[in-house]
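> prediction below, plus the sequence it came from.
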Amino acid sequence: MYNFKRVVALGVVSTMILGSSLTAFASEATDQSITTATSFIEGTGSNEAGAALAADRHAFVVSVPTSAAIKDRLAYTIDLDGWIKETKGARYGLNTTSIDDSKGLMFVNYNNGKASGMSNVSSPITITNKGTDPVTVTVTAKWAGIDATNPLPAGATKEDFSGTGDAAKSIYMGMYTNKTGNLTVMPDDDVETPVSVGVTSSKDQYVTAWDDTNKKYTYALKDNVAASALSSVNVYFTGAANPNVALTYEDNSGANPVKKAKVAPALSVKFVAAETQNRKNGVVTFKSNAYTIGATAEGGLAAGDLTALKIDGKDVFGTTAPQLKPTVSSSGTFTLTAEQIYKAYGYTAKPTDGWVPHVIEFTNADGTFTVEPNKSK
């Protein structure tokens, strides 16, 4: 009797354990029987582009200072008698030690938006490319108010007023970029003076991120990018006044003659930025004072003549020196020396501050390409 009860008890315990195990196995549902055929079981498909529609990897963003800041930089003063420097800038409350008295024309200079001194060169107007692709910017300057009554005649061709017709001019003014010393001289009256400027991309300052709040990808500039990390080019003005042309005139319209100052014309400038359309990114390397350019690091260009060439937005393509008409070699590349480039662009002497072009755009049988030499050195 005792053994019988023991066997029954063990059997009950075993049944409880087995039942418990079977129940746990069923609740996990780790597989299913296909003894009977299943219906089609569907998963899901997704297109990541849906979350990336707003994350265009292309950005065309070019900026210059505010109009008020540009006006400040364009403002100049003629002082042939040295009043400003002799009084140590008392009227303006500015440092005048950088003024060259022989020029007779000066600008207020700015540091972090505040007037900091005066010199014969304007503070820079900075063109910043915040975008993902290289751009060219046409900077056009001209005189305003040149038709005022009794103006100071502008448009001298040489800083020392030794050019043809310069003796009768009061003002010489030049515009340049990157402090290369290559001046584009402004003519008189309201003739527009354009200069092409290339600005490399700032694509290395962009990042891709996931916006979990709005459930989408973003492609944008990094947070708190320093201005110095963005690609930019500076535009400057410099000038001189003619000591042999009177700055005043006698007004005889009243009962008694009155001596008055002649009107100084105003500088004005505008900017137009443009991208190269339907272009491809090329590759450029710099070695032994020359640029080797191709479609890829291995070359990749079809052999033969180029059909178009621009340096910093200026068309330099042609067969008349200093124009350039490069030929792609069998290696799939073509080469331009630094000297060829700066002469084709229009520099009369080798730049002294290491200037290199920012954007070279060329076309051949493979299409239109741009390269950024400024980033290859």
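Structure received.
> what residues does the most centrally placed residue in the chain make contact with?
In the chain, the centroid-proximal residue (C-alpha atoms, centre = their mean) is N129; its distance is 3.1 Å. Contact analysis of N129 by C-beta atoms under 8 Å, 6 or more residues apart in numbering lists V61, V62, V135, V199, T200, S201, S202, L230, S231, S232. (Glycine included, C-beta is placed from N, CA and C.)
> skipping its backbone neighbours, what lies nearest it in space?
Nearest non-adjacent residue to N129, counting by C-beta to C-beta, 6 or more residues apart in numbering: V199, 4.0 Å away.
> where in the chain is pLDDT low?
1-29, 50-55, 146-148, 178-182, 189, 348-355, 376-377 (pLDDT under 70).
> all helices of it, in order?
2-28, 49-52, 67-74, 83-86, 338-345 (DSSP state H).
> how far out from the middle of the chain is the third one?
Looking back up the chat, that one is helix 67-74. 19 Å (C-alpha atoms, centre = their mean, to the nearest Å).
> give me the buried positions along it.
Using 16 or more other C-beta atoms under 10 Å as the test for burial, helix 67-74 gives I70, D72, R73, L74.
> what would those residues look like in TSV with distance to T164?
Output for these, formatted as TSV (distance: C-beta to C-beta, whole Å):
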residue	distance to T164
I70	32
D72	34
R73	30
L74	27
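> thinking again about what came up before, buried subset of the contacts of N129?
Counted by 16+ other C-beta under 10 Å, the contacts of N129 give V62, V135, V199, T200, S201, S202, L230, S231, S232 as buried.
> so which of those residues are in strands?
V62, V135, V199, S231, S232 (DSSP state E).
> give me the nearest residue to V235, chain neighbours excluded.
I125 (4.5 Å).
> next, work out how far apart the one you found and K71 are.
According to C-beta to C-beta, to the nearest Å, I125 stands 10 Å off from K71.
> quick check: the residue nearest to V235 touching V64?
Yes. Look at I125 against V64 with C-beta atoms under 8 Å: they come within range, at 6.3 Å.
> now for the two: what residues contact both?
Common neighbours of I125 and V64 (C-beta under 8 Å, 6+ apart) are I70.
> higher neighbour count, the two?
Neighbour count, other C-beta atoms under 10 Å: between I125 and V64, I125 has more, with 22 against 19.
> please identify which of the buried ones among the contacts of N129 is nearest to P373.
T200 (8.6 Å; C-beta to C-beta).
> thought the closest one was touching V356?
No. The criterion here is C-beta under 8 Å, and T200 misses it with V356 at 10.2 Å.
> any shared contact partners between those two?
Joint contacts of T200 and V356 (C-beta under 8 Å, 6+ apart) are N374.
> the contacts of N129: which two are farthest apart?
V61 and T200 (13.6 Å).
> leaving out sequence neighbours, find the closest residue to I78.
A241 (4.6 Å).
> ok, now which ones touch V233?
Counted by C-beta under 8 Å, 6+ apart, V233 has contacts T126, I127, V137, T177, N178, V197, G198, V199, H358.
> present the buried ones among the contacts of N129 as JSON lines; the columns should include distance to K85.
Compiled in JSON lines, these are given as follows (distance: C-beta to C-beta, whole Å):
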{"residue": "V62", "distance to K85": "38"}
{"residue": "V135", "distance to K85": "40"}
{"residue": "V199", "distance to K85": "36"}
{"residue": "T200", "distance to K85": "39"}
{"residue": "S201", "distance to K85": "43"}
{"residue": "S202", "distance to K85": "40"}
{"residue": "L230", "distance to K85": "36"}
{"residue": "S231", "distance to K85": "37"}
{"residue": "S232", "distance to K85": "32"}
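> quick check, nearest of these to E159?
Nearest to E159 among those is S232, at 27.1 Å by C-beta to C-beta.
> list the contacts for that closest one?
T126, I127, T128, N129, V199.
> can you redo these as a markdown table with distance to A156?
Written out in a markdown table, the entries for the contacts of S232 read as follows (distance: C-beta to C-beta, whole Å):
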| residue | distance to A156 |
| --- | --- |
| T126 | 27 |
| I127 | 27 |
| T128 | 32 |
| N129 | 34 |
| V199 | 30 |
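> now, which of those lie within strands?
T126, I127, T128, N129, V199.
> hmm, the second one is touching V199, no?
So the one you mean is I127. Yes. Between I127 and V199 a contact is recorded at 5.9 Å, counting by C-beta under 8 Å.
> between these two, which contacts overlap?
V62, V137, S232, V233.
> in the sheet, which residues pair with F334? Tell me.
I293 (DSSP bridges).
> run a quick neighbour tally on it.
Other residues lying near F334 total 22 when counted by other C-beta under 10 Å.
> Q340 is in contact with that one, correct?
No. Here F334 lies out of contact with Q340, judged by C-beta under 8 Å, at a distance of 11.1 Å.
> how many neighbours does D251 have?
13.
> what's near enough to touch it?
P257, V258, K259, K260 are the contacts of D251 under C-beta under 8 Å, 6+ apart.
> make CSV out of those and add distance to A90.
Listed next are the contacts of D251 as CSV, based on distance: C-beta to C-beta, whole Å:
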residue, distance to A90
P257, 30
V258, 26
K259, 24
K260, 24
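> and Q323, what does it touch?
V316, F317, A344.
> just give me the neighbour total for the residue nearest to the last one when sequence neighbours are not counted.
Translated: A344. Of all residues not flanking A344 in the chain, V316 sits nearest, at 4.0 Å (C-beta to C-beta, 6+ apart). Other residues near V316 come to 21 when the count uses other C-beta under 10 Å.
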